[in-house]
Each structure stands twice: as C-alpha cells, then as structure tokens.
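**Student:** A predicted structure for the sequence below; I have some questions about it.
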Amino acid sequence: MPLYFFDTDNGDRHHRDDDGLELPDDAAARAMAQETLPDMAHDALPDGESRAFTVLVRTHDSTLLYSVSMTMAGQWHDGRGVSERRSSAAQQRSNVWSL
Amino acid sequence: MPANNPLILKLTQSGLLTEEDHAVLTEVTRDVRHVPAETVLVEQGAPVEGAPLVVSGIAYRYRLLQDGRRQILGMLLPGDFCDLQGALLGSSDHYTEALTDAETVWLTRETIDRLTLAPTRIARALWWSTLVDEAILRAWLTNMGQQEANKWLAHFICEFLLRLQVVGRAQADAFEMPFRQAKLADILGITSVHVSRTLSDLRDRGLLDLSHRRVKIPDVARLRAYCEFDPSYLHLKRPDMLPSTAT
C-alpha cells in the first residue's frame, strides 16, 4: 500500500508528519484528510472568532497531492467586536504557512 | 502457568482474597493455550459457552458498524476475563480478539458457575473485577464524549500503565506499546492522522517519550495532573503491591 504523509495545522500548532501512513489509495487518503478536520476542530477551544484548520496530503516524494481546510468564522451582529475582528484578521495572516 | 499468576495478582487488588484462594485460582488457570495475534476469541452474536481469560499478551473488545468502522470498547490485559457476563447471557454483544500473540485459559460454564455462584471470597473478587470493568468503561465514555484528544490519550496511557503494573507487566514509568496508531484511533474515536498529531503534541509538552513502540513517562504525576487521571475509579485496594509512582 502507498505511504501518505499528512501535515496538519489548527492555527495554533503545525504538525509535520514524518512517519506517514499506509492507505489503499488516493481516495482513502482524501477521506482520511477530510475526517481529521472535525477531530481537530473538536479539540481546539474557540479562541476569538476566526480559525482555520488545514490538512495537506503529501506523497512519498513530498509532492503535494491534496489539501483540505475548514474555517470557523464567528461574528457579533449588535455592534460589538470591531476590534476583535481586526485582531483576528491579524491572527489569520499569521496562520498562513507553507510546506 | 508462571508463578506470577496474573489472575491472582489482579484479584488480590480487590483486597478480598486470602492465601487459601490462590490454590483454587492456580487450579482453574492450568490449561493454557496459545493464540496468535488477530485471533477472534469471541464472536459478536455467537453463542458463548464459558469465557476465555487472558494469561499473557493483550486482547480487546470491539463492535463494528455495517460500513466496517470499529469502536474499541476495552483492553483485556493478563488476568482479565474476556466476557464473564457472556457465560451467563449465553451470547456476546461484541467481538473479542487477540491484539498480540497471547495465552488464554478457557473456563467452562461449570467452572464459572462454581467460582461465581457460591458465597465465597473469590465470587466477591470476581464481582469486584466486573464492577471495575464497568468503571473503566464509564471513564472511557466520559473522556470520549467530553475530553479533548490529547488529554483522552494521556488518560488512556495512565490507565494502561497502571493496569499493567497491577499484574507486574510494566515498570514504574514505562511499558511496551502493543498497538499501532490505527488501533489507538479506534480506541480514542479519532482518525489515525489525529492520533499522530496528538502523540506529537504530548511529546512536545515533555509528557511522554515514544521510541520503537516503547512508551516512557518522564513524570507520571505530571502526566496524571495534565489529563485529570485519578486512579480511585480502579478501586485498587492493595497499593502496597504497586510501584510507588502508581498510587
């Protein structure tokens, strides 16, 4: 079975997978990446109003094969939280990461 | 059967046994048979006559969904009965399978009746053991439903270490991890990828070391505090027989 590597990021912590996981095929790797997102969201206590969860799937030679992300975006509608939105935008920028 | 009979070691923790009971337990655990890893010991729904007891190695209970997804419901360590209730209920509501190469003793229904249906210390100790199994399941459910994965995994490791220590199969701060990530995923109810992420988080926090499947815990008290592990739910009445870090 082919080996796939899954790098994960929840906005706070990036984990690069150096061990890999054997799965039957690309479809199984895609399903694994997608199913991991709600697990990550379950763990991350909402801090602020914006959060992005990402899983990248790499092949054995480090080629990016697939990526999937999930975003939480909360917003008050009674006039408060303007400054919070500004700080969460800054947080989002710091969340950008690459291979 | 080795001198350190795991059934005696385990039931001693009930605080109910005396030396006289040891002979009876040694007698019923004499006929050991070897089973290779991945052998199904009890099939879900199949009629059950008697119950297997794990003597060495590790087994586990699980249920399957129709699409093949699996939830692991309990780890069976040396000294644990696979399904004492099954002998009374007539069939099992879950699978029991050997995780590693294992040795088991198959107790017949007659033997189980003799041990459990008389007003003896051994019958009370087996009741204790069954009730502790339920307490473990409650702890798992609470963690699975409410706890974040890194604390749930840490709690599982604290529990596994202590249960191995009860039967003399672990050091004060280390044990051999008998399962791969996919099995941990089926225990915790998360994906293998999230298990990998979670293990790396615990390593980064300095809470555990994992190399060549050997788990070492630098500071057991710190790991316990991190995941709110309080061993009182295991109802171990003989802490004097455990390593000092265990109590």
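**Tutor:** That came in fine, so what should we check first? These numbers were taken from a predicted model, which means no experiment stands behind them.
**Student:** Going by neighbour count, list what's buried in whichever helix or strand B:Ala182 is part of.
**Tutor:** For B:Ala182, the enclosing helix or strand under DSSP states H and E is helix B:181-188. By neighbour count, and taking 16 or more other CB atoms under 10 Å in any protein chain shown as the criterion, the buried residues in helix B:181-188 are B:181, B:183-188. The C-beta positions use only the backbone N, C-alpha and C, and glycine is treated the same way.
**Student:** for stretch B:38-46, same thing?
**Tutor:** Burial within stretch B:38-46, assessed by neighbour count using 16+ other CB under 10 Å, is assigned to B:41-42.
**Student:** got a list of contacts for it?
**Tutor:** The set of residues that contact stretch B:38-46 without belonging to it, under CB atoms under 8 Å, 6 or more residues apart in numbering or on different chains, is B:35, B:48, B:52, B:59, B:63-64, B:82-83, B:86, B:91-99, B:102, B:104.
**Student:** Could you tell me which of those residues belong to helices?
**Tutor:** Secondary structure of the contacts of stretch B:38-46 is defined by DSSP state H; positions in helices are B:Gly86.
**Student:** Buried ones from the contacts of stretch B:38-46, can you make that a PyMOL selection?
**Tutor:** With 16+ other CB under 10 Å as the burial test, the buried ones among the contacts of stretch B:38-46 are selected in PyMOL as follows:
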select buried, chain B and resi 35+48+52+59+82+83+86+92+94+95+96+97+98+99+102+104
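**Student:** Say whether chain A is contacted by the helix or strand just after the helix holding B:Ala182.
**Tutor:** Per DSSP H and E, helix B:181-188 leads on to helix B:192-204 as the next helix or strand towards the C-terminus. Yes - under the criterion of CB under 8 Å from any CB of the partner chain, helix B:192-204 makes contact with chain A via B:192-194, B:196-197, B:200-201.
**Student:** Please apply the same query to stretch B:57-65.
**Tutor:** No - with CB under 8 Å from any CB as the criterion, chain A is not reached by stretch B:57-65; the gap is at least 14.0 Å.
**Student:** Quick check: mean pLDDT of that stretch?
**Tutor:** Averaged across stretch B:57-65, pLDDT comes to 95.
**Student:** pull the CA atoms of it into PDB?
**Tutor:** Coordinates of each C-alpha in stretch B:57-65 appear next as PDB, following Å, rounded to 0.1, in the frame of the first residue of the first chain:
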ATOM      1  CA  GLY B  57      -0.400 -10.800  25.800                       C
ATOM      2  CA  ILE B  58      -3.300  -8.300  25.100                       C
ATOM      3  CA  ALA B  59      -6.800  -8.800  23.700                       C
ATOM      4  CA  TYR B  60      -9.500  -6.200  23.200                       C
ATOM      5  CA  ARG B  61     -13.300  -5.900  22.800                       C
ATOM      6  CA  TYR B  62     -14.900  -4.000  19.900                       C
ATOM      7  CA  ARG B  63     -18.100  -3.500  18.000                       C
ATOM      8  CA  LEU B  64     -18.400  -3.000  14.200                       C
ATOM      9  CA  LEU B  65     -20.700  -0.800  12.200                       C
END
